[in-house]
Structures are given as C-alpha cells and as structure tokens.
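> I would like to see how this sequence folds:
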Amino acid sequence: MSYTPIMHCGAVANREQDNNYQNRWFLIDTNKQSIPSDTPKLSDIQVEIKFGYLAIRAPEMLRLDIAMDVIEDDEGAFEQVMCEGQECRAVSEGDLAAQWFSVYLGQEIRLMKKV
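So this is what the prediction gives:
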C-alpha cells in the first residue's frame with residue numbers, strides 16, 4: 001500500500017493509507033496556482049513519514065522535515081489558493097520549505113497544507 005501526502009510527489013510506501021494526509025500538501029507557484037504534475041524533477045521528490053514528520057528528499061538536496069500535525073490558530077496565516085482548479089483554504093509551510101522546493105525545482109514555489 002502507498003499514498004501521496006504531497007500531491008504529485010513520490011508516494012509513501014509500505015504504509016496504510018491515511019485519508020487525512022492523502023494529497024493534503026501541494027505546491028503552488030507565484031500565481032497561487034498548484035503546479036502541474038509534469039513539472040520537471042517533481043517526480044524525483046521522495047516522501048517518507050518519520051515520527052510525525054514528512055521527511056522529504058530529492059537528489060543533491062538535504063532532507064527537509066515538516067511536522068504533519070501543526071494546529072494553525074492564526075487566521076492571518078490562512079490563504080485562498082487554487083489547487084487542481086479548485087479554490088481551497090491553505091496555510092504555507094514556511095520560508096524554509098519554500099526555499100527548499102524553489103531551489104530544487106528552479107522556480108519560486110511554496111509548500112501549502114490544506115486546512
């Protein structure tokens with residue numbers, strides 16, 4: 001069994017699917033649109049779950065760990081963005097994650113979590 005916590009990235013293998021996390025995270029561009037599945041190098045990003053964190057790896061990059069269950073209580077942190085053509089409410093996973101994905105994919109990107 002496997003599932004994909006980050007939309008269009010590598011699947012988490014050998015783990016029972018948790019529907020709370022299936023495609024919960026996604027990547028957006030500067031226009032607040034989710035990036036397409038055919039974005040170069042996107043399929044090379046691998047995701048594991050370790051001790052409540054997404055452990056994200058890509059060739060020639062250090063591992064990036066993102067806490068899975070952070071409770072957002074600051075209404076100012078929420079944004080309306082487009083995910084696969086649908087408007088959704090999401091929160092950014094921060095500057096470090098944005099920098100990591102931007103460097104690897106060669107374009108300005110932010111990692112968002114649906115809320």
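
> Compute the distance between Ile109 and Asp44, please.
Note on Ile109: its distance to Asp44, by C-beta to C-beta, to the nearest Å, is 14 Å. Quick note: C-beta positions are derived from backbone N, CA and C, even for glycine.

> Show me which of these two is the more surrounded one.
Ile109 (22 against 15; other C-beta atoms under 10 Å).

> how much space between that one and Ile35?
Separation of Ile109 from Ile35 (C-beta to C-beta): 7 Å.

> Now the common contact residues for these two.
Both Ile109 and Ile35 are contacted by 27-29, under the criterion C-beta atoms under 8 Å, 6 or more residues apart in numbering.

> Adding neighbour count, write these out as CSV.
Output for the shared contacts of Ile109 and Ile35, formatted as CSV (neighbours: other C-beta atoms under 10 Å):
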residue, neighbour count
Leu27, 26
Ile28, 22
Asp29, 17
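
> okay if I get those as a markdown table plus secondary structure and pLDDT?
Listed next are the shared contacts of Ile109 and Ile35 as a markdown table, based on DSSP: H, G, I helix; E, B strand; the rest coil; pLDDT from 0 to 100:
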| residue | secondary structure | pLDDT |
| --- | --- | --- |
| Leu27 | strand | 98 |
| Ile28 | strand | 98 |
| Asp29 | coil | 98 |
